[in-house]
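Engineer: Okay, sequence plus prediction incoming.
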Amino acid sequence: MGNRLLSILFASAALAATAGLAEAKTVIHVMHQGDPGWVKAYGDVAKRFEAANPDIDIELIYAPHDAYNEKFSAAVMAKQLPDVMELDAPFLANYVWSGYLQAVKPLLDQDLLDDMTDSNISQGTYPIDKELYAIGLTDSSVVLYGNRKYLEAIGARIPKSVDDAWTREEFEGYLEKLSKLEGVKWPIDTFRGYGIKTEWITYAYGPLLESAGCDLIDRTTWTAGGTLDGEACVKALTMMQTWVKNGWVVPTSSGTNQFYAEGQPAALAMGGHWFYAEAAAAMKDDIVVMPLPKIGEKGVSPNGTWIWGISATSENPEAAGKFLSFMLKDRDYRDYARSQSAYPGLKSFAAESPLYAEGGPLAIAFEQASKTAVARPPHPAYPTITSAFMQAVDKIFNGGDPQEALTSAARKIDEDIEDNAGYPPFDAQQ
Amino acid sequence: MTLQQTTMPRPRAGRRDRQRFWQEVAMIAPAVLLLATFLITPFLLSFWTAMTNQPLVPRPTPVRFVGLLNFQRVFSDPLFWTSLWNVTRFTIWVLPVQCGLAFLTALLLHQKLPMRNLLRGMFFLPAITSMVVVCVIWGTLFQYPSGPLNQIVGFLSGGTIQPIDWLGDPDWAMFSIVLLSAWQAYGFQMIIYLAGLQGIPEELYDAARIDGASALRRFWHVTMPGLRPTHVFVLVITTIQAFKLYTQVAILTQGGPRESTETVVHYMVRAGFEEQKLGYASAVSVILFVIVLLIALLQRKLLRRFDV
């Protein structure tokens, strides 16, 4: 880490120096987040791009994941928005509404645009003008991982496709049985260890609510009152609270590896597609990948990930688009993404990813994208929606009253919308 | 520290005095300028911001003057009251633990021990360690169910006490933060106490010894009265610091579980940076300022009364 950090610093210093020397060169600033491996991958892509385009310099700006949005706000206030930036898909509506991003369709290669999956298009599209504002190589999903030994011991039915996902009765029945099984300390890990600030709660638990027939906010009237604190949501969160109360869920302070840790204390794990790589390495053939359970009538799964946009203030949008097109087609970049069990957001990348192909271990995750994926609410109030919801869930999981917690979250969201005069034109969308 | 020393004879008007006056102005000018720029102006600005719906970053909707709406909302949000109660709870717990620890170690290190300076350095070590680092280390110690702290508890109790979910149990989380905060910060108060102890003239102890006072009596009748101003200072400064509790919470619990560690500053940062409501956050900061000011004044007044 230290070495990489140094080399990044060194590289950016060197870039800055050469940028000063060669006035004629176009400089493209690229802001991104990511683990050290990804940071290195971006750096390598930038070098290859510069070699192929000697008239353009790429300057990478790294901002840590946890404080990315704060750093982004700081860049906006300083009027120093980068040309290209990575952004978390559910925040797209907020950024476009605020005027930070420009439509990318005219700036990207046509074959890339044709290559996008439906879910990828929807995560980059702003609902007001239906324009595409961002693109990614990847997308994401959450599945239910199971430990084969335990599931066989209780005689659980293992779903073969998204259509025969466990129902609520089956799911809760298995949790109950697993809780009594020798060797199982917790029936399920829902990754509470990710904390209550990382977007995980809204991303992964939201679909369970939607499956139960409620939502974070009414997506036509854009009010949370009556929806988020409605009966369906209260019931769904009371159900999840009961799982916690029964001691079925790995607690927050036990970390995020109880599924494959020594002794394998957790029997199931409701985890992101990225969890597969580490869990499979530790558990080999004992890992089973299943669709998320159906709580109500329909199954629902999450989507959306960190994608790339071009800022409205960019002076060289064509060069920025050129870089994005180059990166998304770059062979080594794709190879690295595949080594991280990245979830394909481009059809050609899906074809290169045996993990997600027909019969592959994560095929079910890919199947979910076309059958059950629902994006998080594409509304400019999203920063408040997610913050309020995560607080409410934390309160409920720790024994708070679901109705009370959800009512106060709904009030907070509606207050924010009111403060911004309904975020026009979203107020007229109904 | 005492007022008597600063009373000077009334100056006579004259050229020299005027010259001296301007010299004084010139000398305090940099400090006043810096304070005005970085403390007073932002403070007045936050008063103004608190009465608008100012967002963190520019938005297409206009910024409006909203009067006292933000204050009304803060006061009607149960979470604000919870966070206020939490910092009060934190202060009540951390004051005796942290100041007591500081006082005891100061007494110990004031003795003529071998390698006294080395020991003083060691006891001061946590205070110069970054709070962020301390939090990461203690986060590991607190791990549930098999972190080092739980193993110690289990060992000492012979396995009769079940592992405690230090940071994940609403009943324990704030207490755990009190423990680590007191441990990290007591060094500062210890240094102040040490200075206070060194300020008590040795002759007073000698006189007490000649009068036949025991060690305990010397402590009660010489050390304690001699430390009175130090106690006042330490209590006030620790209270103010305690009310600003943020780092530990932001790193370890993010205000959870079940709002049991939500503090006023954390609440404010969340409103201002995550939800981007700068006006609302400013209202919280103004309220916090008033509360801390009132407490400091009250404490001063109360402790004065006990003073001889």
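Structural biologist: All right, it came through fine.
Engineer: And the helices in the stretch 1-150 of chain B?
Structural biologist: B:15-35, B:41-49, B:69-76, B:78-94, B:100-110, B:116-128, B:131-141, B:148-156 (DSSP state H, counting those that start in this stretch).
Engineer: buried ones in the next helix-or-strand element following the last one?
Structural biologist: Remark: after helix B:148-156, the chain's next helix or strand is helix B:173-198, criterion DSSP states H and E. Neighbour-count burial for helix B:173-198, counted by 16 or more other CB atoms under 10 Å in any protein chain shown, picks out B:173-194, B:196-197. In this view, the C-beta of every residue, glycine as well, is placed from N, C-alpha and C.
Engineer: One more: stretch A:313-325?
Structural biologist: Counting neighbours by 16+ other CB under 10 Å, stretch A:313-325 gives A:Thr313, A:Ser314, A:Asn316, A:Pro317, A:Ala319, A:Ala320, A:Gly321, A:Lys322, A:Phe323, A:Leu324, A:Ser325 as buried.
Engineer: just how off-centre is it within its chain?
Structural biologist: Its chain's C-alpha centre lies 25 Å from the corresponding centre of stretch A:313-325 when counted by CA atoms, centre = their mean, to the nearest Å.
Engineer: what mean pLDDT does that stretch have?
Structural biologist: Mean pLDDT, computed over stretch A:313-325, is 95.
Engineer: Helix, strand or coil: sort out A:His379 for me.
Structural biologist: The local conformation at A:His379, judged by DSSP: H, G, I helix; E, B strand; the rest coil, is coil.
Engineer: which one is it nearest to, not counting chain neighbours?
Structural biologist: Among residues not flanking A:His379 along the chain, A:Ala93 sits closest, at 5.4 Å (CB to CB, 6 or more residues apart in numbering or on different chains).
Engineer: OK, contacts around the one you found?
Structural biologist: Going by CB atoms under 8 Å, 6 or more residues apart in numbering or on different chains, A:Ala93 touches A:Tyr126, A:Pro127, A:Pro378, A:His379, A:Pro380, A:Tyr382.
Engineer: hang on, the second one in a helix?
Structural biologist: No: looking at A:Pro127 with three-state DSSP, it is coil, so not inside a helix.
Engineer: Now the closest residue to it other than its chain neighbours: phi and psi?
Structural biologist: Nearest residue to A:Pro127, sequence neighbours excluded (CB to CB, 6+ apart): A:Pro378, at 4.9 Å. Dihedral pair for A:Pro378: phi -80, psi 80, per degrees, to the nearest 10.
Engineer: how much space is there between A:Pro378 and A:Ala236?
Structural biologist: Distance of A:Pro378 to A:Ala236, computed by CB to CB, to the nearest Å: 22 Å.
Engineer: what about the closest residue to A:Pro106 other than its chain neighbours, which helix or strand?
Structural biologist: Counting by CB to CB, 6+ apart, A:Gly321 is the residue found nearest to A:Pro106 once chain neighbours are left out, at 7.9 Å. Element membership of A:Gly321 [criterion: DSSP H and E] is helix A:317-329.
Engineer: Can you tell me the centre-most residue of chain B?
Structural biologist: The centroid of chain B falls nearest to B:Gln241 when counting by CA atoms, centre = their mean (1.5 Å).
Engineer: can you pull the contacts of A:Thr313?
Structural biologist: Residues in contact with A:Thr313, defined by CB under 8 Å, 6+ apart, are A:Lys79, A:Leu81, A:Tyr100.
Engineer: Closest one of the residues you listed to chain B?
Structural biologist: When these are ranked by distance to chain B (CB to the nearest CB), A:Tyr100 comes first, at 8.7 Å.
Engineer: Got the phi and psi for that closest one?
Structural biologist: phi -90, psi -20.
Engineer: That one: what's it in contact with?
Structural biologist: So A:Tyr100 contacts A:Val76, A:Leu81, A:Ser311, A:Ala312, A:Thr313 (CB under 8 Å, 6+ apart).
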